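Enquirer: model this:
(one chain, ligands or ions: 1)
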Amino acid sequence: MDFSLVSAAVSAIKASSDIGKAALSIRDANLLSLEVARMNEQLLRAQDALFRHNSQLLELQQDLMEKNEALRKAQETIAERARYRLTEVSDGNWVYRSTVLTMGDEAAPKDRPHYLCQPCFDSGRTVVLQYSFTESWGKGFNCPVCKLRVNLRRDFQPGQG
Ligand SMILES: [Zn+2]
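Expert: Residues are numbered from 1 along each chain as shown. Below you'll find the predicted structure:
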């Protein structure tokens, strides 16, 4: 914020006031008219400085609102990420597992354990993986969004990891 604008407005108002006080003793209408014009000029300077200051203030308020919104989203993301832990479900295959039921937090929501797609979650999407089993591929998770398939260890049980 440019505080020199406030200072300029205060100076202009003071100058206008000084001109007005000095003009009280002037009896010549022409001279008085000139002093009134000088007062008006100072008041217009003050008004201009205050308008510019107000404009900067509005920009700062807008910037603050945007930053508060970004902070709120970041805090939501942090809280969301804290609900999951990266888990290896077979050699080199990773997913995010919900941690709600394993934390022993009685205040936490009683979500059923679930798993999220790691690439999707890391890119900001929360996509629950779908379990599948086929004779040829065995146990696995499928991502309905990015179509990733994650094979599971033969002995994998939901809630593990
Ligand atoms: Zn995915």
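Enquirer: list the helices and strands the stretch of helix or strand residue 4 belongs to packs on?
Expert: Of the helices and strands defined by DSSP states H and E, residue 4 is found in helix 3-23. On a contact count with 3 or more Cβ pairs under 8 Å, 6 or more residues apart in numbering; DSSP states H and E, helix 3-23 meets helix 29-82. In short, each C-beta sits where N, CA and C put it, glycine included.
Enquirer: what's the mean pLDDT across the helix it packs on?
Expert: The predicted model assigns helix 29-82 a mean pLDDT of 93.
Enquirer: so that helix versus helix 3-23, what angle?
Expert: 160 degrees (axes from the mean of the first three to the mean of the last three Cα atoms, to 10 degrees).
Enquirer: after helix 29-82, next one along is what?
Expert: Using DSSP H and E, the next helix or strand after helix 29-82 towards the C-terminus is strand 84-90.
Enquirer: how far does that next one sit from its chain's centre?
Expert: Mean C-alpha position of strand 84-90 versus that of the full chain (Cα atoms, centre = their mean, to the nearest Å) differs by 29 Å.
Enquirer: list the contacts of residue 43.
Expert: Residue 43 is in contact with 12, 13, 16, counting by Cβ atoms under 8 Å, 6 or more residues apart in numbering.
Enquirer: 10 Å - rerun?
Expert: Contacts for residue 43 (Cβ atoms under 10 Å, 6 or more residues apart in numbering) come out as 9, 12, 13, 15, 16, 17, 19, 20.
Enquirer: against the ion, how distant is residue 71?
Expert: The gap separating residue 71 from the ion is 27 Å, by Cβ to the ion, to the nearest Å.
Enquirer: what's the answer for residue 34, then?
Expert: Using Cβ to the ion, which is the criterion applied here, residue 34 is 78 Å from the ion.
Enquirer: around residue 37, how many other residues sit close by?
Expert: A count of nearby residues for residue 37, using other Cβ atoms under 10 Å, gives 11.
Enquirer: check contacts around it.
Expert: By Cβ under 10 Å, 6+ apart, the residues touching residue 37 are residue 19.
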